[in-house]
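Undergrad: Return a 3D structure for these sequence lines:
(one chain, ligands or ions: 1)
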Amino acid sequence: MENRMRVCIRTIPVLFGALVLSVFAGGEERPNILFMMTDDHAVKALSAYDSSLIQTPNMDRIAQEGALFQWAFATNAICAPSRATVLTGKFSHLNGQLDNHTVFDGGQQTFPKLLQASGYHTALIGKWHLKSEPTGFDYWSIFPGQGFYYNPDINTLGETSRHEGYATDLVSDLAIQWLEEKWDRSKPFFLFYSHKAPHRNWMPPIRHLDTFENRQFSEPATLADDYETRLAAHSQLMHLEKHFLSAYDAKITSSPLSDRDAALWKLVYEDRLTPSEKAAWDAALADEREEYARGLESGRSVLSMNYQRYIRDYARCVLAVDENVGRMLDYLDERALADNTVVVYLSDQGMYLGEHGWFDKRWMYDESLRFPLLIKYPKSVSPNQTREEMIMNVDIAPTLLDFAGVRVPEDMQGASLKPLLEGDSVIDWRQEVYYHYYEYPIMTHVNPHYGIRDSRFKLIRFYGDVDGWEFYDLERDPTERLNSYGDVRYRDEVESMKKRLESLLVEYKDFTPEG
Ligand code: CA
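TA: Predicted coordinates for the structure are as follows:
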């Protein structure tokens, strides 16, 4: 290892993986991998990134003991496509998972399959959300579909039963149980530990129902955005004032409910909580329901009141995830596994926490484009690193294969982060990322779009019902309110970005982006 090349270029990680494999073949222990994924966790709600909203001390610990990637970007910011990209190391147009409704082709190459074939004992616990049965896992225990926060159904190797408890806690219970009772210790483990939280409809555990009860969270500067200069944003259906459901989303059950809202609330609350859980909910939320009604009577806007209901429950759900991340880290410490385990924490994509008035994801704007990515591995990754490179979720699969000493297949489209993490000087790291969102018009009516982002500028091409371009100067306009596409002062930058976008379409083989 000492005489390996200290300077790598982007094509080297493939060779580098083969080199490491030979080292491992010589007897060095391969690392375990604890792969922690959450759903819709925005960087703004992880205190290692931004401590203004809440504190997440256990997630922060991963960053302190390893690395925080400041600029990690989803390539299609919606649940199932992000998961498919993470698993395959390929963009949506090549792995086939363009939207949430496609059934994932589990016959294709994925990094868990390659780890399994190379001798890892592999398990998946928690959210899967890819419709087809998991492949590449010796053991799996998953929530069917989106799963429920309370007393969820869990499908274990094809047998489904209802489990008592809170989903976020159950995922850790089952993960620890697998490590204790089922892991074959003659092999390194790959454990895909996957939370439903903090996905909609943000139902906190009973222990956190009163947390933040008297806190007024400060509103984002763009909460009341009017979308002037932007066309596509006008037609979305993900607005906190207009599309946030009274019961299902805000948990304000006293208002007259739409049929859809009543049906959803019955599904997640009436049919799921025990009588004592319902009593605890109703007691804890009585104050907030009163506060909501008083707020409206005193002239506060629905937007403002819905924002408070949303952010409180979202934050409470994240606290429960953080506690469980702590349980897993403590478990590794107690069993003396921490030194030889690569720990990854990431979300499938980011989330709007009221920015632009929204509560969903999907857009190429930074709040949903960026996701938190933390990696620690005490053996070779120095602590307290803040990485500034442009990362995409296609990089995850090559990275984990590289750590495991498995050759990274040439058809994976990302690059291993291992050389960056280990302090090698990597020249020629990418300077921009590519994005392509497809799902339309289902759910939130976000128009299809693709685009390019570098460290300063972003160019977005909308096609289909909305045909147009947007251009942002992220230094002058970090909240992306001013579409500067038609501004002559940016003519050269726009032209340059268009050319680079064309190159990315070729590089990533998205040859017919508009269908
Ligand atoms: Ca998601």
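Undergrad: how about the helices in the stretch 51-200 of the chain?
TA: For the stretch 51-200 of the chain, applying DSSP state H, counting those that start in this stretch gives helices covering 57-65, 79-88, 92-95, 111-117, 167-177.
Undergrad: Give me the pLDDT value at the residue in the chain positioned nearest to the ion.
TA: Residue nearest to the ion within the chain: Cys79 (3.6 Å; Cβ to the ion). C-beta here means a position set from N, CA and C on the backbone, and glycine is covered the same way. Looking at Cys79, its pLDDT is 97.
Undergrad: Identify the residues contacting it.
TA: Asp39, Asp40, Asn100, His129, His199, Asp348, Gln349 (Cβ atoms under 8 Å, 6 or more residues apart in numbering).
Undergrad: roughly how far apart are it and Arg200?
TA: Plainly put, Cys79 is 10 Å away from Arg200 if you go by Cβ to Cβ, to the nearest Å.
Undergrad: same question, Ser276
TA: 25 Å.
Undergrad: swap in Ala232?
TA: Distance from Ala232 to Arg200, by Cβ to Cβ: 21 Å.
Undergrad: Can you report how many residues neighbour Lys266?
TA: 14 (other Cβ atoms under 10 Å).
Undergrad: Surely it is within a helix?
TA: Yes: using DSSP: H, G, I helix; E, B strand; the rest coil, the secondary structure at Lys266 is a helix.
Undergrad: Common neighbours of Cys79 and Arg200, please.
TA: Listed as contacting both Cys79 and Arg200 by Cβ under 8 Å, 6+ apart are Asp40.
Undergrad: give me the element Leu34 is part of.
TA: strand 32-38 (DSSP states H and E).
Undergrad: Check which helices and strands that strand sits against.
TA: Secondary-structure packing of strand 32-38 (3 or more Cβ pairs under 8 Å, 6 or more residues apart in numbering; DSSP states H and E): strand 189-194, helix 302-334, strand 341-347, helix 396-403.
Undergrad: could those be laid out in TSV, adding distance to Arg500 and mean neighbour count?
TA: Output for the helices and strands packed on strand 32-38, formatted as TSV (distance: least, Cβ to Cβ, whole Å; neighbours: other Cβ atoms under 10 Å):
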stretch	distance to Arg500	mean neighbour count
strand 189-194	34	25
helix 302-334	35	21
strand 341-347	26	25
helix 396-403	22	26
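Undergrad: interface residues of this structure facing the ion?
TA: Counting by Cβ under 5 Å from the ion, the chain comes close to the ion at Asp39, Asp40, Cys79, Asp348.
Undergrad: Distance of Gln308 relative to Val488?
TA: Gln308 sits 42 Å away from Val488, going by Cβ to Cβ.
Undergrad: Actually, Leu296.
TA: For Leu296 relative to Val488 (Cβ to Cβ), the value is 46 Å.
Undergrad: Can you pick out the residue with more neighbours from the two?
TA: Leu296 (15 against 8).
Undergrad: List the contacts of the nearest residue to the more buried one once chain neighbours are set aside.
TA: Counting by Cβ to Cβ, 6 or more residues apart in numbering, Leu296 lies nearest to Met305, which is 6.1 Å off, once chain neighbours are set aside. Counting by Cβ under 8 Å, 6+ apart, Met305 makes contact with Tyr292, Gly295, Leu296.
Undergrad: Tell me which of those residues fall in helices.
TA: Members of the contacts of Met305 lying in helices (criterion: DSSP state H): Tyr292, Gly295, Leu296.
Undergrad: Dump the helices and strands packed on strand 32-38 into JSON lines; add distance to Phe471 as well.
TA: Shown next, in JSON lines, are the helices and strands packed on strand 32-38 (distance: least, Cβ to Cβ, whole Å):
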{"stretch": "strand 189-194", "distance to Phe471": "36"}
{"stretch": "helix 302-334", "distance to Phe471": "28"}
{"stretch": "strand 341-347", "distance to Phe471": "27"}
{"stretch": "helix 396-403", "distance to Phe471": "29"}
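Undergrad: now the strands: where do they sit in the stretch 151-300 of the chain?
TA: With strands called from DSSP state E, counting those that start in this stretch, the stretch 151-300 of the chain shows them at 153-156, 159-162, 189-194.
Undergrad: Can you add mean pLDDT and give those strands back as a markdown table?
TA: Listed next are the strands of the stretch 151-300 of the chain as a markdown table, based on pLDDT from 0 to 100:
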| stretch | mean pLDDT |
| --- | --- |
| strand 153-156 | 98 |
| strand 159-162 | 98 |
| strand 189-194 | 98 |
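Undergrad: Out of the ones you listed, the one nearest Lys44 is which?
TA: Of all the strands of the stretch 151-300 of the chain, strand 189-194 sits nearest to Lys44, with 21.6 Å by Cβ to Cβ.
Undergrad: Neighbouring strands - and their directions - for that closest one?
TA: Within its sheet, strand 189-194 is paired with strand 32-38 (parallel), strand 121-127 (parallel), according to DSSP bridges.
Undergrad: Excluding chain neighbours, what is closest to Glu507?
TA: Tyr434 (7.9 Å).
Undergrad: In three-state terms, how would the one you found be classified?
TA: Going by three-state DSSP: Tyr434 is strand.
Undergrad: That one pairs with what?
TA: Following DSSP bridges, Tyr434 is listed with bridge partners Ile452.
Undergrad: where does this structure dip in pLDDT?
TA: 1-27 (pLDDT under 70).
Undergrad: Break it down into its structural domains.
TA: As assigned by automatic domain parsing, the chain contains the domains 31-201+312-432, 242-300, 434-507.
Undergrad: Burial-wise, tell me which of those comes out on top.
TA: For these, average neighbour numbers computed from mean count of other Cβ atoms under 10 Å are highest in domain 31-201+312-432, which has a mean of 21.
Undergrad: Report the distance from that domain to the chain centre.
TA: Computed by Cα atoms, centre = their mean, to the nearest Å, the separation of domain 31-201+312-432 from the middle of its chain amounts to 7 Å.
Undergrad: please renumber so the chain begins at 26
TA: Yes, from this point I'll number from 26; that puts the last item at domain 56-226+337-457.
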